[in-house]
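> I'll drop the sequence and a predicted model, then ask my questions.
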Number of protein chains: 4
Amino acid sequence: MTTEFQSSKPIYMQIVDRIIIDILQEKQILGDKLPSVREKAVQIGVNPNTIQRAYSELERMSVVETRRGQGTFVIENSHLLDELRLSMQTEVINEYVKKMKEIGITKQQMISELQHYLKEED
Amino acid sequence: MTTEFQSSKPIYMQIVDRIIIDILQEKQILGDKLPSVREKAVQIGVNPNTIQRAYSELERMSVVETRRGQGTFVIENSHLLDELRLSMQTEVINEYVKKMKEIGITKQQMISELQHYLKEED
Amino acid sequence: MTTEFQSSKPIYMQIVDRIIIDILQEKQILGDKLPSVREKAVQIGVNPNTIQRAYSELERMSVVETRRGQGTFVIENSHLLDELRLSMQTEVINEYVKKMKEIGITKQQMISELQHYLKEED
Amino acid sequence: MTTEFQSSKPIYMQIVDRIIIDILQEKQILGDKLPSVREKAVQIGVNPNTIQRAYSELERMSVVETRRGQGTFVIENSHLLDELRLSMQTEVINEYVKKMKEIGITKQQMISELQHYLKEED
DNA sequence: GTGGTCTAGACCACA
DNA sequence: GTGGTCTAGACCACG
């Protein structure tokens, strides 16, 4: 809600988010190979360098490991899923609270309105 | 979190959001005159047409009214604030629930984790 | 000594090393601004992107911080120097021990030969 | 640590180092025949001229001798090993001291930190 | 001006 | 084939 204009997240970070969500939803299985840099690049229509950067970031986050000449693989770590879920969850909650504050919702209401919304949804 | 790339909201809608938040935070008083299209345009460095479009949208939403030869005014309506707050709130909650679902958080947890976060914040 | 051929460290990492050494030798004062990306690029004759990457790496290592529109600054942290020195020292010792092992020098000799060399140097 | 960029040692010198290490580690026995220039070239995927140059350098260093029509042989000289070891050792110590100086480690520490490191390793 | 991101296209090492 | 690095040149947001 803060004025952002063209900003939005960098493409490579959006790709990082997308891949993490795929892992959490088990569309990307632990230990499996991600598409090659070039393949993924044509698949989603960006420059290979952008994918490269996304994969590097994922490696820095210890989500994937790269084996030279073989490819990029999701790390097989039973804790990985929980850690990823937790960090993304914190980010989402953070954003929620920030935006609600901005429009003048009290903490009490942040909870009660959410409860009400979820009840309606059923 | 949904892959959007360059997209993000159109600029004029971001300006609409910004003005609504200003009203909710009483930086824009009910009944008061908004800056002229030209003035606002230079203020935030955007084409006057973009501001014009934002003001039109605000008029369509019955948030402002334009008086020929005088300018654009925030409608003096005590219910307005509540309505605006409600619609923005719904949007924010919507987004929160969608993203939490995406990373596999249950409805129960959506509430309990939020409560936990707000408690920590104090 | 292990066969490396063209390998050698990537240029951007060599730049990182160089800057860290400059900091340790106080040629780069804590809190001071590094040359701009473009300036440094022409200075040492590489592409600005390569400098950019070096600066990013330094930021990741918490050695510098970047202030948007202002530049890249060495972090003012009294512990920084000691930490940097320690990590580089470990790297150098590591390499020393590995190479000495390779040519069949015993641990005892790794120390005594070094002592002998340093005595000669005076 | 010294800025070198693309440089690194010439390939033929790296091959020289490799062969000397093989001799020191007794993977290449004294008096034995080295692989032919052509054989070695395909073995490590390099131009035969590069191997030729490496062998010449080894001959200049009195490490091997070439017998016309027979091949290149490691010289059978009991002192050879010690001499090689010594010269490589000096090179390694040299580099160690230079780098440690560069990051501001005192001579005392160059020894004590090494001792500490070797103790840890056990 | 500053740093940050992105594209296009190249070359390298490893397998 | 794979990932990793580098150049060239462009556009953006921030101050």
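Here it is on my side, so go on. Numbering: from 1, shown residues only, chains lettered A, B, ... in the order given.
> from now on I want contacts and neighbour counts done on CA atoms only, so please keep to that.
Will do.
> pretty sure A:L30 sits against A:I75.
Yes - under the criterion of Cα atoms under 8 Å, A:L30 makes contact with A:I75 at 6.1 Å.
> who touches the nearest residue to A:V74 once chain neighbours are set aside in this structure?
Computed as Cα to Cα, 6 or more residues apart in numbering or on different chains, the closest residue to A:V74 that is not its neighbour in sequence is A:V64, at 4.3 Å. Listed by Cα atoms under 8 Å, 6 or more residues apart in numbering or on different chains, the contact set of A:V64 reads A:Y55, A:L58, A:T72, A:F73, A:V74, A:I75.
> need phi/psi at A:V64.
Main-chain torsions, A:V64, degrees, to the nearest 10: phi -130, psi 160.
> repeat that for A:I105.
Main-chain dihedrals, A:I105, degrees, to the nearest 10: phi -90, psi 130.
> show me what contacts it?
In this structure, A:I105 makes contact with no residue, judged by Cα under 8 Å, 6+ apart.
> quick one: it from DNA strand E, how far?
With distances taken as Cα to the nearest atom of the strand, to the nearest Å, A:I105 is found 31 Å from DNA strand E.
> before we move on, what about A:L30?
The separation that A:L30 has from DNA strand E, given Cα to the nearest atom of the strand, amounts to 21 Å.
> try A:I19
In this view, A:I19 and DNA strand E are 15 Å apart by Cα to the nearest atom of the strand.
> that older thread, nearest to chain D, of the contacts of A:V64?
Within the contacts of A:V64, proximity to chain D (Cα to the nearest Cα) peaks at A:Y55, which comes in at 25.3 Å.
> show me which residues of chain A are close to chain B?
Applying the criterion Cα under 8 Å from any Cα of the partner chain, the portion of chain A that neighbours chain B consists of A:1-11, A:14-15, A:17-18, A:21, A:24-25, A:85, A:88-89, A:92-93, A:96, A:99-100, A:102-104, A:107, A:111, A:114-115, A:117-118.
> one more pass at 7 Å, please.
Those residues of chain A that sit near chain B, judged by Cα under 7 Å from any Cα of the partner chain, are A:1, A:3, A:5-6, A:8, A:11, A:14, A:17-18, A:21, A:24, A:85, A:89, A:92-93, A:96, A:100, A:103, A:111, A:114-115.
> out of these, who's near chain D?
Among those, no residue is within reach of chain D (Cα under 7 Å from any Cα).
> give me the buried entries from those residues.
The neighbour-count test (16 or more other Cα atoms under 10 Å in any protein chain shown) marks A:1, A:11, A:14, A:17, A:21, A:24, A:85, A:89, A:92-93, A:96, A:100, A:103, A:111, A:114 as buried among those.
> which ones among those residues map onto helices?
Helix and strand membership here follows DSSP state H; of these, those in helices are A:11, A:14, A:17, A:21, A:24, A:85, A:89, A:92-93, A:96, A:100, A:111, A:114.
> which two of those have the greatest separation?
Farthest apart among these by Cα to Cα are A:I11 and A:I111. That separation is 32.4 Å.
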